[in-house]
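Asks: Compute the structure for the input listed below.
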Amino acid sequence: MKRWQADALLLLVAAIWGLAFVPQSWGMKDLGPMAFTGLRFALGALVVAPLAWRESRRRRHEAATPAALGGPPRWVLLVSLGALIFLGAALQQIGLVTTSVTNASFLTALYVPAVPLLAWLVFGRRPHPVVWPCALGCLAGTWLLTGAQPVEMVVGDWWVIASSLFWALHVVLIGRAANRLGAPYTVACAQFVVCAALSLLLAAWIEPPIDWSAMQAAAGAIAYTGLVSVGVGYTAQVVAQRHTHEADAALLLSSETVFAAFFGAWLAGDRLSPAGWAGCGLILGCILAAQAVPLLLRRGGPAPVAGGLPLDG
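Replies: Okay, the predicted model is just below:
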């Protein structure tokens, strides 16, 4: 897969996740946040399980393993990725108990500038200089999109800020883990299973028992967010991030907020203010600049390398 194809796939993922905001809000009317998260990730795992099984059969006789290559055991990588998704979702939901959706949307977007910084600190991969202003531009665009209101910090905001760190770590690590294992569908399925198990365990501890009638009422929301948002979206993220830079992934995935605003206006009757439209334009402009400027500057030169793979395209 060429780099432009991977980036286009990530843009599709952002659209899928943006649309998921609407059914997620519907589903929360009938189920607790942890129960809803656990059920949709369990459904996503079932969707990817046949692909993971076929992939594991194909690789059964291959000798190379992460441990043999000097890395942690396979199960450590898979559990870690699932735990990162779970922590990001759980901390964000805890924060939403005491903070506003506007604050949460803006503070979650802190993962965009955090991704290139973490990739640089952890792996020594210095991003192209244009990434920094583009990442900050996406953050500013998200602020405009959420109403350009002052962020008055409350306790819940700190939970959301903590969740953004785990989302950033997941974006940084997922592509490398999939490349190291050579099994993107296995990685996707395993992280879904871990996230579902941890979410349902937490739901059993802190939420009322899951009622069958509530599950029926939320069936449509669970179906979309499980089959499409998790099963297709998160799996496509794993596949795409094997072939592109983490910083590119963060910028492209930040367009999720633009798609969320579009689908919110279309399906839920939301309306964007002039500041919101300006935020959409700023985010999309930063994404285009992050893709176009490095290509223009290196025209005629060699393609950079990310994670050992040539980023042609």
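Asks: Mind listing what's buried along whichever strand or helix holds Phe166?
Replies: Taking DSSP states H and E as the definition, one finds Phe166 inside helix 155-181. Buried positions in helix 155-181, judged by neighbour count with 16 or more other CB atoms under 10 Å: 156-157, 159-181. Backbone N, C-alpha and C define where each C-beta goes, glycine included.
Asks: Show me what it packs onto, helices and strands only.
Replies: Applying 3 or more CB pairs under 8 Å, 6 or more residues apart in numbering; DSSP states H and E, one finds that helix 155-181 contacts helix 74-96, helix 101-108, helix 111-123, helix 184-206, helix 235-240, helix 246-253.
Asks: can you list those helices in JSON lines and add mean neighbour count, mean pLDDT and distance to Trp143?
Replies: Converted to JSON lines, the helices and strands packed on helix 155-181 look like this (neighbours: other CB atoms under 10 Å; pLDDT from 0 to 100; distance: least, CB to CB, whole Å):
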{"stretch": "helix 74-96", "mean neighbour count": "20", "mean pLDDT": "86", "distance to Trp143": "17"}
{"stretch": "helix 101-108", "mean neighbour count": "20", "mean pLDDT": "63", "distance to Trp143": "5"}
{"stretch": "helix 111-123", "mean neighbour count": "21", "mean pLDDT": "80", "distance to Trp143": "12"}
{"stretch": "helix 184-206", "mean neighbour count": "22", "mean pLDDT": "93", "distance to Trp143": "29"}
{"stretch": "helix 235-240", "mean neighbour count": "23", "mean pLDDT": "90", "distance to Trp143": "24"}
{"stretch": "helix 246-253", "mean neighbour count": "27", "mean pLDDT": "79", "distance to Trp143": "16"}
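Asks: Ala275: which of those is closest?
Replies: Set against Ala275 and scored by CB to CB, the helices and strands packed on helix 155-181 come closest in helix 101-108, at 11.9 Å.
Asks: quick one: stretch 170-180 to chain centroid distance?
Replies: On the basis of CA atoms, centre = their mean, to the nearest Å, stretch 170-180 sits 12 Å off its chain's mean C-alpha point.
Asks: Just the C-alphas of that stretch, formatted as CSV.
Replies: In CSV, the C-alpha atoms belonging to stretch 170-180 read as follows (Å, rounded to 0.1, in the frame of the first residue of the first chain):
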residue,chain,number,x,y,z
HIS,A,170,-2.2,4.1,20.8
VAL,A,171,-1.7,6.0,17.5
VAL,A,172,2.0,6.0,18.0
LEU,A,173,2.3,2.3,18.8
ILE,A,174,-0.4,0.6,16.7
GLY,A,175,1.4,0.8,13.3
ARG,A,176,4.7,-0.4,14.8
ALA,A,177,3.0,-3.3,16.6
ALA,A,178,1.2,-4.4,13.4
ASN,A,179,4.4,-4.2,11.4
ARG,A,180,6.3,-6.2,14.1
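Asks: Centre of the chain to the helix holding Phe166, how far?
Replies: That offset, for helix 155-181, works out to 8 Å (CA atoms, centre = their mean).
Asks: circling back to that earlier point, quick one: which of the helices and strands packed on helix 155-181 is nearest Ala42?
Replies: helix 184-206 (4.0 Å).
Asks: which strands and helices sit next to that closest one?
Replies: If you count contacts as 3+ CB pairs under 8 Å, 6+ apart, helix 184-206 packs onto helix 33-58, helix 74-96, helix 155-181, helix 235-240.
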